[in-house]
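Asker: I would like the atomic coordinates for the input below:
(chains A and B)
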Amino acid sequence: MKVQVYVTLKPGVLDPQGKAIHHALEGLGFGGVSDVRAGRFIELEVADDVTDADLDAMCAKLLANTVIENYRIQRA
Amino acid sequence: MKTAVIVFPGSNCDRDMAIALETVTGRAPAMVWHRDTDLPDGVDFIALPGGFSYGDYLRSGAMAARSPILRAVSDAAARGVPVLGVCNGFQVLTEAQLLPGALMRNAGLNFVCRTVPLIVGNSQSLFTAGYKAGEAIDIPVAHHDGNYFADAATLDRLEGEGRVAFRYAAPVNGSARDIAGVLNDAGNILGMMPHPERAIDRAHGGTDGLRLFEAALGVLA
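Answerer: Got it, this is the predicted structure:
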């Protein structure tokens, strides 16, 4: 089974990469963008008996750094 | 005086660190590979060197923090063995949650590589006893992810408890409150982005890093 993990910076944590992307979009002439936040997308192929608790532990222990990041798990 | 340098795939300051330790102790450190599960018996001091462990995959220091040897480092630190993490070593220590906070991409997005003035924040620790509080010292930095972040309550606690070992005299990478190095609550773990091991020889531009090693290793000798 495919599992998709989205790792994003917590609100309030400055995101210099998002800012740079935002500036680049403006430089290309795209208006109307008020903010950009960059994150990470990780796709796992897991056995059917892997539980939600297992996936949560994977995120908390390795895939995200919970000091600065939030994560969201989606079973595909 | 037995010292150890942990070597990860992608470490690139391990030899500089080894030379610094040997210069001060007169004895070459044990170079301990990341897959090892044990440190040498009776190790008195552990250094996590700079570099790009595991190619900085996932996050800087993230993979190294989960490597087998880190369990042994963590156990040794809990027994009070001094642990110094420099640059990538600091990132590893925060990822391993042996130090609070996180090191993010530099605010300017640029790799910063130059000698910068630091202000000594605390001269009471075993690492900083050779300095005076408030003293300015020159130490090189070379990093892309040195932007120290922690929530305001953690930063207040670190400052209140004298756990900010070093600050940048002027902003370098966007670090919260210009923090360059922090101590754990017991005071036996120091993580810092600047490289004291690159400042021990006059021929390399300065020797302000030497007193850190002399204090940390001399106390134990």
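
Asker: just for chain B, where's the confidence low?
Answerer: B:219-221 (pLDDT under 70).

Asker: and it, which residues reach chain A?
Answerer: Neighbours of chain A within chain B, by C-beta under 8 Å from any C-beta of the partner chain: B:58-59, B:62, B:66, B:94-95, B:100-102, B:104-109, B:147, B:149-150, B:174. In this view, the C-beta of every residue, glycine as well, is placed from N, C-alpha and C.

Asker: Now, of these, which are buried?
Answerer: B:58-59, B:62, B:66, B:94-95, B:100-102, B:104-107, B:147, B:149-150, B:174 (16 or more other C-beta atoms under 10 Å in any protein chain shown).

Asker: Next, the contact list for B:Thr3, please.
Answerer: Contact analysis of B:Thr3 by C-beta atoms under 8 Å, 6 or more residues apart in numbering or on different chains lists B:21, B:25, B:27, B:29-30, B:43-47, B:217.

Asker: try it again with 10 Å
Answerer: B:Thr3 makes contacts with B:17-18, B:20-22, B:24-25, B:27-30, B:40, B:43-47, B:82, B:84, B:213, B:216-217, B:220, as judged by C-beta atoms under 10 Å, 6 or more residues apart in numbering or on different chains.

Asker: And stretch A:33-52, end to end?
Answerer: End-to-end span of stretch A:33-52 (C-alpha to C-alpha, to the nearest Å): 35 Å.

Asker: what mean pLDDT would you report for it?
Answerer: For stretch A:33-52, the mean pLDDT works out to 96.

Asker: Would you mind measuring from the closest residue to B:Arg211 other than its chain neighbours to chain A?
Answerer: Using C-beta to C-beta, 6 or more residues apart in numbering or on different chains and skipping residues adjacent in sequence, the residue nearest B:Arg211 is B:Gly130, 3.3 Å away. Remark: distance between B:Gly130 and chain A (C-beta to the nearest C-beta, to the nearest Å) = 31 Å.

Asker: B:Cys207 touches B:Ala199, doesn't it?
Answerer: Quick fix: residue B:207 reads Thr, not Cys. Yes: under the contact definition of C-beta atoms under 10 Å, B:Thr207 touches B:Ala199, with a separation of 6.2 Å.

Asker: So between these two, which is more surrounded?
Answerer: B:Ala199 (23 against 15; other C-beta atoms under 10 Å in any protein chain shown).

Asker: picking up where we left off before, ok, of the contacts of B:Thr3, which come out buried?
Answerer: Of the contacts of B:Thr3, these count as buried by 16+ other C-beta under 10 Å: B:17-18, B:20-21, B:24-25, B:29-30, B:43-47, B:82, B:84, B:213, B:216-217.

Asker: ok, and for the longest helix seen in chain A, which residues are buried?
Answerer: Identified as the longest helix of chain A according to DSSP state H is helix A:16-27. Within helix A:16-27, the residues scored as buried using 16+ other C-beta under 10 Å are A:16, A:19, A:22.

Asker: what's the answer for stretch B:145-156, then?
Answerer: B:145-151, B:154-155.

Asker: okay, the residues you listed in a markdown table with distance to A:Tyr6 and secondary structure next?
Answerer: Formatted as a markdown table, those follow (distance: C-beta to C-beta, whole Å; DSSP: H, G, I helix; E, B strand; the rest coil):
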| residue | distance to A:Tyr6 | secondary structure |
| --- | --- | --- |
| B:Asp145 | 21 | coil |
| B:Gly146 | 26 | coil |
| B:Asn147 | 22 | strand |
| B:Tyr148 | 25 | strand |
| B:Phe149 | 20 | strand |
| B:Ala150 | 24 | coil |
| B:Asp151 | 22 | coil |
| B:Thr154 | 25 | helix |
| B:Leu155 | 28 | helix |
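
Asker: and stretch B:24-44, C-alpha only, in CSV?
Answerer: Output of stretch B:24-44 as CSV, limited to C-alpha atoms (Å, rounded to 0.1, in the frame of the first residue of the first chain):
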residue,chain,number,x,y,z
VAL,B,24,46.1,19.3,23.4
THR,B,25,46.3,15.8,24.9
GLY,B,26,49.4,14.5,23.2
ARG,B,27,47.5,11.3,22.3
ALA,B,28,45.7,10.5,19.1
PRO,B,29,41.9,10.0,19.5
ALA,B,30,40.1,6.8,18.7
MET,B,31,38.3,7.3,15.4
VAL,B,32,34.9,5.5,15.8
TRP,B,33,32.9,4.5,12.8
HIS,B,34,29.1,5.3,12.8
ARG,B,35,28.2,1.6,12.6
ASP,B,36,30.1,0.7,15.7
THR,B,37,27.8,0.1,18.7
ASP,B,38,30.4,0.8,21.5
LEU,B,39,32.8,3.5,22.3
PRO,B,40,36.4,2.7,23.5
ASP,B,41,36.4,1.7,27.2
GLY,B,42,36.9,4.6,29.6
VAL,B,43,36.5,7.3,26.9
ASP,B,44,36.8,10.8,28.6
